[in-house]
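**Q** Give me coordinates for this.
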Amino acid sequence: MSRRPLTTLCDDPKGIYRVDYRLDLPLANPSNDAPGTEPRGRLPRIRRVFSLALNWETSMKKFAVIALVACSGTFCVGAEPTSSLPRSTPEAQGVDSSGIVSFVETANKTLDSLHSLMIVRHGQVVAEGWWAPYSADARHSLFSLSKSFTSTAVGLAVAEGKLSVDDEVLKFFPEDAPAEPSKNLKAMRVSDLLRMSTGHQSEPTRPDDKSWTKHFLAQTVEHKPGTHFLYNTSATYMLSAIVQKVTGKTVLDYLRPRLFEPLGIENPSWGTSPQGISLGGYGLSIRTEDIARFGQLYLRKGCLLYTSRCV
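**A** Got it, this is the predicted structure:
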């Protein structure tokens, strides 16, 4: 990695001190981040520019990060925030701005690639930025963070009385069940899917030429459900399939009026299986700030920021 100053703009009327650095780093290939896909490779090492917009506090000789902007060539992808989350300086929210700068510089030195950074404190965005070619308006494939949205859909469906976490998984898929299901498979419940304690010794695959639900149920369940943890993306897919069974909608469509629209998350997309079921465990694409809003929702125990309305 090489890093050298490009330009310095100081002492403007607004007190903005800008330092640009040129960074030569490998960058994730955006074409590999399409909804419903796993990462498949990297682009060759390419040049990009990372710019820190800082508020210079002359009395304290400290940098307070206001925004982080990523540029590459003729592309400047740091857009003005279009969402409703309020902005603040780090110090106003009790955050040491020099620590943020240190984190960004350390990340640039040690990580192959980053898409974005947003730091929220007390409901206020105190730092934000996007590495080229990403931008504030770009939707990012969340990979396993998608699981949190699928679990939220399950919780909402439970609240609406459409299912219970104690329901047996086989109850929802009689047409896909084995002719003679094992004792452990019969004992598997929705709660086991949520906790990734289905009892599998290895994660069931998701072959393109088969029904994923039927294939999941056909796998041997070596352990009693609830007694053995295994990271299991296929289990989250089954949760997505269950929500679709009981609501008649994909998780994406089910969450639109219940979660996405109340949070102001616009035009989310989610890949689907060959059977037309939201992938559940990965494949949701939303913006960086949408993720921050989702996190704030949980911090506020399901209530929207600056309102008494709860989801």
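
**Q** Stretch 277-292: end-to-end distance?
**A** 26 Å (Cα to Cα, to the nearest Å).

**Q** Check the offset of that stretch from the chain's centre.
**A** 5 Å (Cα atoms, centre = their mean, to the nearest Å).

**Q** now swap in stretch 205-212 and tell me
**A** Computed by Cα atoms, centre = their mean, the chain-centroid distance of stretch 205-212 equals 24 Å.

**Q** Over to it now: how far is its first residue from its last?
**A** 8 Å.

**Q** try stretch 242-255
**A** 14 Å.

**Q** Okay, buried residues for it please.
**A** Neighbour-count burial for stretch 242-255, counted by 16 or more other Cβ atoms under 10 Å, picks out 242-247, 250-252, 254-255. (Each C-beta comes from the backbone N, C-alpha and C, glycine too.)

**Q** And for stretch 139-157?
**A** By 16+ other Cβ under 10 Å, the buried positions in stretch 139-157 come out as 139-143, 146-147, 149-150, 152-154, 156-157.

**Q** hmm, back to that, reformat the buried residues of stretch 242-255 as a markdown table; add pLDDT.
**A** Below are these laid out as a markdown table (pLDDT from 0 to 100):
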| residue | pLDDT |
| --- | --- |
| Ile242 | 98 |
| Val243 | 98 |
| Gln244 | 98 |
| Lys245 | 98 |
| Val246 | 98 |
| Thr247 | 98 |
| Thr250 | 98 |
| Val251 | 98 |
| Leu252 | 98 |
| Tyr254 | 98 |
| Leu255 | 98 |
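
**Q** which one among the buried residues of stretch 139-157 gets closest to Gly280?
**A** Taking Cβ to Cβ as the measure, Gly280 lies nearest Thr150 of the buried residues of stretch 139-157, at 4.4 Å.

**Q** correct me, but the closest one touches Thr236?
**A** Yes. The pair Thr150 / Thr236 is scored as a contact, 5.4 Å apart, by Cβ atoms under 8 Å.

**Q** so what sits against both of the two?
**A** 280-281 (Cβ atoms under 8 Å, 6 or more residues apart in numbering).

**Q** low pLDDT regions in the stretch 201-311 of the chain?
**A** Within the stretch 201-311 of the chain, the stretches with pLDDT under 70 are 305-309.

**Q** That one: helices as residue ranges?
**A** 212-218, 233-247, 251-255, 261-263, 288-299 (DSSP state H, counting those that start in this stretch).

**Q** Now, the buried residues of stretch 139-157 that are in strands?
**A** Among the buried residues of stretch 139-157, the ones falling in strands (DSSP state E) are 140-141.

**Q** Just send the buried residues of stretch 139-157 back as a markdown table, with pLDDT and distance to Glu222 too.
**A** Listed next are the buried residues of stretch 139-157 as a markdown table, based on pLDDT from 0 to 100; distance: Cβ to Cβ, whole Å:
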| residue | pLDDT | distance to Glu222 |
| --- | --- | --- |
| Arg139 | 95 | 39 |
| His140 | 93 | 36 |
| Ser141 | 94 | 32 |
| Leu142 | 94 | 30 |
| Phe143 | 95 | 27 |
| Ser146 | 98 | 27 |
| Lys147 | 98 | 23 |
| Phe149 | 98 | 29 |
| Thr150 | 98 | 25 |
| Thr152 | 97 | 30 |
| Ala153 | 98 | 29 |
| Val154 | 98 | 25 |
| Leu156 | 97 | 32 |
| Ala157 | 97 | 29 |
